[in-house]
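1. Fold the following and give me the result.
(2 chains)
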Amino acid sequence: MCKRTHLGRWLIPPAACLALTVLAVPVAAQTVEQLEARVADFEIRLRDAKAALDASEAADMSTDLDTIRAGNLTIIGTPQDLAFLRPGIEPAWQSLRESLGSDSSLIDEMPLTVSRTEVEESTRVNMPRLLGYLVRILGISLGSDEPRLMGYAVGVTVDPDATMVANVRTSFDPKADESAQLLIDAVWSAIGRLMPPEVVAWSGPDVRLTDVTGTHSVYQDVLTSTVRTGPLCLEGDSHRCQNGLGLTQQEPLDAWYDAEDLQHWVALSHADSRFYPTMARKQRECVDGNLIEACGDFLRKLIGRDLPPPFDVQGRRLALAVAVDLGGDGAIGRLLNSEGSMPERLEMVAGAPLDTITHRWREVVVSAAGQSVVLSATTGAFALVWVVLFGVVGARSAQWW
Amino acid sequence: MMFRALLYQHWKSIRLPLFVLVVGAFALPLVTALASTWDNLFGSSANAALYIGASLGNVYPLLAAAAGLLVAMSAWSADHRGGHVYAMTLPIHRSRYATLRFGVGITLLMAPIAALTLGSVSATLVAPIPEGLTAYPAALGVRFGLAALVAYAMIFAISAGTPKAAGYVILALVALPLIQVLLGVVGSDINILKPIAVFLFDTPGPFDIFGGRWMLIDV
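-> Numbers count the residues shown, from 1 in each chain, chains lettered A, B, ... in the order given. Take a look at the predicted model:
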């Protein structure tokens, strides 16, 4: 208001100057030692005030927060939020203890904090556009845009920076297996966060380090690798397996391809001569002119854009799990503290040379061959039951009377 | 004797579409297996076999359902046309007559089932199986047979009942989605279709046999 009045504009600056002068007089009258003593006193008071504030907040928090525990697994949260996880904590701990062994002590260092937020959504019914127009013309209202409580999002965070490690969208009454799975996912994700960045860069995050079952997907990925690295690895060429897994020190192009592979891959690639004349020329020189150097040039230009490694990340994850399996108790701890190149880390974890790890990895992968389940016994048996059931219903139907 | 008469009558009424189904059932596995030779298109024969096998795999359950539907829909057509007069004059109990009709349908269904199994076995003998992959002709034949039988038995049971019973089934198929829309109108969160779909399509539901991968050649 003063700024807007003519009088205020002229009176305020001199008044401020006068006030500053009056305040500065006692400061100017003090010696350096006195000032230092006062600053030290302020610092002590500030520290005491902060401590009192922290204690007050902690006191408030402790009245709100609760802890549930099963074995080494500790969950912190409000009683309402913990109620969601309570049915799942014991099964989760049993599962983790079985898969982690002595490494389950790692969990002790990572108390998980649970938080629950309400999920609100509109109840508007989505329908095809034409039907939507019709409904609007008829003036029918299907649902409303007003948000309604539809369930909860339960998130689990881990210290020190309260990073979200797992979350699930759940109904109002979650089942024990749902909350157990959330906790198991959270622990594995939390362990993944402790892994050295070099390992995460190689294998990707959230690796289930104890899952050593040969899966169809890994076998299929290695078998259908567009270069011969995959099939030759499956035939028992351990060095090819290491190439495919990215465990050799060679340049990828040299490690992944031989001359025939190079020509084959280049022939399959598409280089439009209008937009990539140089690439198209290299392709012709490679495929038609048998110039292997040109094949290398062509693929080197392609690398980094869309040329995938021979085996995808699932194979690498399986290799980590195989190393942990070979290493036995304490292997996960060794992995978390490992150093050096990836082959060195794997050897450290497994306590065995790289050839042994890749040999075992190949065995696990090959074990998935011929194990496709085209028809499970359960599905077949129930299908038969349905045939008999429908047949009986049909035979006993009453068309005539 | 009666079984043979019913079989002849049923066969006569559907022989042409059944023949088409039999040819299709025999040819489908052959096409799937021969596709693995298109390695130039897919980088390797294993890639070609898996990619084309997965794409054509969707046709197997459709073919099984079509076979079941064709045989079941035609099972009672002669009786419906004649107002069930002929069947009522026969000196046998209704349930025995229906069982005979059911058996006749199963016998006719054996033609496409056998054709597909034979086609699968032939395909694995004729076409080269890419190294590292495995052929599952018997399992595919059994699965196709069971799926066709489930489709057949279900439609047979609906057709065998009174028109009122069939009407109830159709009414349920129309009414349930409508009820779901109405529940949405009143702002309810209840989803009645989901548990029904889960029951029908998951184990041990009747349509579980139709789901999943239908692969003649797989890892």
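2. CA only for contacts and neighbour counts going forward, please
-> OK.
3. Tell me which stretches of the stretch 301-401 of chain A form helices.
-> A:313-327, A:331-336, A:342-350, A:354-366, A:377-395 (DSSP state H, counting those that start in this stretch).
4. And the contacts of the first one?
-> If you take CA atoms under 8 Å, 6 or more residues apart in numbering or on different chains as the criterion, helix A:313-327 is touched by A:202-204, A:207-212, A:218, A:245, A:331-332, A:346-347, A:349-352, A:357-358, A:360-361.
5. Using PDB, list the CA coordinates for that helix.
-> Output in PDB follows, covering the C-alpha atoms of helix A:313-327 (Å, rounded to 0.1, in the frame of the first residue of the first chain):
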ATOM      1  CA  VAL A 313      20.000 -60.400 -22.400                       C
ATOM      2  CA  GLN A 314      18.100 -63.500 -21.200                       C
ATOM      3  CA  GLY A 315      21.100 -65.700 -22.000                       C
ATOM      4  CA  ARG A 316      23.400 -63.400 -20.000                       C
ATOM      5  CA  ARG A 317      21.000 -63.500 -17.000                       C
ATOM      6  CA  LEU A 318      21.000 -67.200 -17.200                       C
ATOM      7  CA  ALA A 319      24.800 -67.200 -17.300                       C
ATOM      8  CA  LEU A 320      24.900 -65.100 -14.100                       C
ATOM      9  CA  ALA A 321      22.400 -67.500 -12.400                       C
ATOM     10  CA  VAL A 322      24.600 -70.500 -13.500                       C
ATOM     11  CA  ALA A 323      27.700 -68.800 -12.000                       C
ATOM     12  CA  VAL A 324      25.800 -68.200  -8.700                       C
ATOM     13  CA  ASP A 325      24.600 -71.800  -8.800                       C
ATOM     14  CA  LEU A 326      28.100 -73.200  -9.300                       C
ATOM     15  CA  GLY A 327      29.400 -70.900  -6.600                       C
END
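6. just the angle between it and helix A:342-350, please?
-> 40 degrees (axes from the mean of the first three to the mean of the last three CA atoms, to 10 degrees).
7. do the same with the longest one
-> What separates the directions of helix A:377-395 and helix A:342-350 is an angle of 80 degrees, with the same axes, to 10 degrees.
8. quick one: buried residues of helix A:377-395?
-> Judged by neighbour count (16 or more other CA atoms under 10 Å in any protein chain shown), helix A:377-395 contains these buried residues: A:379-380, A:382-384, A:386-395.
9. what subset of those residues is also close to chain B?
-> A:379-380, A:382-384, A:386-388, A:390-391, A:393-395 (CA under 8 Å from any CA of the partner chain).
10. The worst-scoring helix or strand of chain B on mean pLDDT: what's the following helix or strand?
-> Taking mean pLDDT, DSSP states H and E as the measure, chain B has helix B:39-42 as its least confident helix or strand, at a mean of 64. Using DSSP states H and E, the helix or strand that follows helix B:39-42 towards the C-terminus is helix B:45-57.
11. pLDDT of that following helix, averaged?
-> Mean pLDDT, helix B:45-57: 85.
12. Are there helices or strands packed against it, and which ones?
-> Applying 3 or more CA pairs under 8 Å, 6 or more residues apart in numbering or on different chains; DSSP states H and E, one finds that helix B:45-57 makes contact with helix B:2-34, helix B:39-42, strand B:217-218.
13. mind redoing it with 6 Å?
-> For helix B:45-57, the elements it packs on are helix B:39-42, judged by 3 or more CA pairs under 6 Å, 6 or more residues apart in numbering or on different chains; DSSP states H and E.
14. What are the buried residues along stretch A:109-119?
-> A:Met110, A:Pro111, A:Leu112, A:Thr113, A:Val114, A:Ser115, A:Arg116, A:Val119.
15. which SS class is A:Ile75?
-> What DSSP: H, G, I helix; E, B strand; the rest coil gives for A:Ile75 is strand.
16. For it, which non-adjacent residue is spatially closest?
-> Excluding the flanking residues, the one nearest A:Ile75 by CA to CA, 6 or more residues apart in numbering or on different chains is A:Leu112, at 4.9 Å.
17. can you map out the strands along the stretch 101-250 of chain A?
-> For the stretch 101-250 of chain A, the strands defined by DSSP state E, counting those that start in this stretch occupy A:112-121, A:148-158, A:163-170.
18. circling back to that earlier point, farthest-apart pair in the ones next to chain B among the buried residues of helix A:377-395, please.
-> A:Thr379 and A:Ala395 (24.2 Å; CA to CA).
19. Which residues of chain B lie near chain A?
-> B:43, B:46-47, B:95, B:98-99, B:134, B:150, B:153-154, B:157, B:160-162, B:184-185, B:187, B:204, B:219 (CA under 6 Å from any CA of the partner chain).
20. Tell me which stretches of chain B form helices.
-> B:2-34, B:39-42, B:45-57, B:59-75, B:77-81, B:85-89, B:94-126, B:137-160, B:163-185, B:193-201 (DSSP state H).
21. Any idea which of those helices has the lowest pLDDT on average?
-> Looking at the helices of chain B, the weakest mean confidence is helix B:39-42, a mean of 64.
22. Chain B: which of the buried residues of stretch A:109-119 is nearest?
-> A:Val119 (13.1 Å; CA to the nearest CA).
23. shouldn't that closest one be in contact with A:Val154?
-> No: counting by CA atoms under 6 Å, A:Val119 stays clear of A:Val154, with 9.9 Å between them.
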